[in-house]
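J.: no FASTA, just this:
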């Protein structure tokens with residue numbers, strides 16, 4: 001038997017239970033992974049509270065690192081003893097051991113430790129596709145990125161700076177502002193004390209920005225549209241404050257023929273070639289020192305309810321991991 005987090009119903013952090021589970025042998029195309037660390041991400045909250053539906057009773061967790069301890073028939077490219085990491089696929093990362101398909105699995109370079117591996121995959125590949133594919137940045141642009149002191153935000157601060165991009169970031173406290181600034185964010189706006197639309201217009205000389213990356217959702221959506229220059233792109237990739245309320249397309253027309261997209265990581269790592277390419281660039285950025293993964297919170301797996309509560313209360317910064 002091994003320990004894992006399970007839930008029988010949707011709800012608050014209290015619905016997650018730390019239980020014994022039976023982990024069998026891997027089947028064809030599967031491996032059994034013993035986790036060294038598990039990542040904590042806001043998508044886990046969406047699955048827990050039912051915003052993203054899944055069959056119940058169910059598991060949670062999209063990201064982890066560990067060692068392969070058994071390999072099923074027909075597995076190619078992985079063997080027992082390999083150091084691995086992953087993000088995406090069926091939930092189940094909140095566990096000591098799991099059996100899983102190799103679809104989202106990649107080998108973890110020896111230069112990257114397990115805790116960093118667990119903290120970087122989902123957030124790091126998200127930044128990679130946002131900045132390199134959803135809106136391919138060439139350098140010289142000025143962009144707006146909400147939640148700049150979060151796990152994704154701090155990676156984006158560093159990656160944008162490495163690309164020669166001027167990043168405007170929003171945060172909710174002076175401490176978070178200092179953190180974003182220290183990680184390369186050129187302009188930081190505390191949306192609790194400043195009007196971020198007015199500040200963006202001031203910083204850009206009234207022009208607005210060509211792209212906004214928004215993981216907040218309801219609280220910032222319309223304001224984000226107001227920050228865009230004509231024909232700009234609104235990238236809504238999360239909804240930490242709640243889903244965006246229904247709106248009409250005239251909201252895009254009246255602001256200058258804006259574009260809107262709602263991307264997800266799964267669509268950008270749908271093939272092995274894409275997964276290897278995106279994770280490979282992420283590994284290179286981390287290994288080069290251009291991007292440093294800041295793990296600011298560590299919780300025991302059994303304390304996952306507290307971890308979720310802190311995440312939802314916006315008490316966390318940088319990346320958070322769970323230790324099995």
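T.: In hand now; what should we look at? Remember, predicted model here, so these are calculated numbers, not experimental data. Residues are numbered from 1 along each chain as shown.
J.: which residues touch residue 20?
T.: Neighbouring residues of residue 20 by Cβ atoms under 8 Å, 6 or more residues apart in numbering: 1, 2, 3. Any C-beta I mention is one placed from the backbone N, CA and C, and that applies to glycine too.
J.: correction: the previous question concerned residue 308.
T.: For residue 308, the contact set (Cβ under 8 Å, 6+ apart) comprises 13, 16, 40, 44, 45, 48.
J.: switch the residues you listed over to a markdown table; also include neighbour count.
T.: Below are these laid out as a markdown table (neighbours: other Cβ atoms under 10 Å):
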| residue | neighbour count |
| --- | --- |
| 13 | 17 |
| 16 | 21 |
| 40 | 30 |
| 44 | 27 |
| 45 | 18 |
| 48 | 26 |
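J.: could I get the residues you listed as TSV with pLDDT, secondary structure and distance to residue 201?
T.: Converted to TSV, those look like this (pLDDT from 0 to 100; DSSP: H, G, I helix; E, B strand; the rest coil; distance: Cβ to Cβ, whole Å):
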residue	pLDDT	secondary structure	distance to residue 201
13	98	helix	39
16	98	coil	43
40	96	coil	35
44	97	helix	35
45	96	helix	32
48	98	helix	38
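J.: quick one, domains of this structure?
T.: Domain assignment for the chain by automatic domain parsing gives 2-121+270-323, 139-262.
J.: looking at this protein, which residue lies furthest from center?
T.: In the chain, the residue that sits farthest from the middle, by Cα atoms, centre = their mean, is residue 73; the gap is 32.0 Å.
J.: which element is that residue on?
T.: Under the criterion of DSSP states H and E, residue 73 resides outside all helices and strands.
J.: how about it: what's its closest non-neighbour residue?
T.: Once flanking residues are discounted, residue 73 sits nearest to residue 28: 4.6 Å by Cβ to Cβ, 6 or more residues apart in numbering.
J.: now do the same contact list for the one you found.
T.: Going by Cβ under 8 Å, 6+ apart, residue 28 touches 72, 73, 74.
J.: wait, the last one sits on residue 31?
T.: Put plainly, it is residue 74. No: with contact defined as Cβ atoms under 8 Å, residue 74 does not reach residue 31; the gap is 11.0 Å.
J.: ok, the residue farthest from the centre of the chain to residue 311 distance?
T.: Plainly put, residue 73 is 39 Å away from residue 311 if you go by Cβ to Cβ, to the nearest Å.
J.: assign residue 156 to helix, strand or coil.
T.: At residue 156 the chain is in helix, as set by DSSP: H, G, I helix; E, B strand; the rest coil.
J.: can you get me a residue count around it?
T.: Burial of residue 156 is recorded as 32 neighbouring residues (other Cβ atoms under 10 Å).
J.: residues contacting residue 291?
T.: When contacts are counted by Cβ under 8 Å, 6+ apart, residue 291 touches 124, 155, 158, 159, 162, 282, 285.
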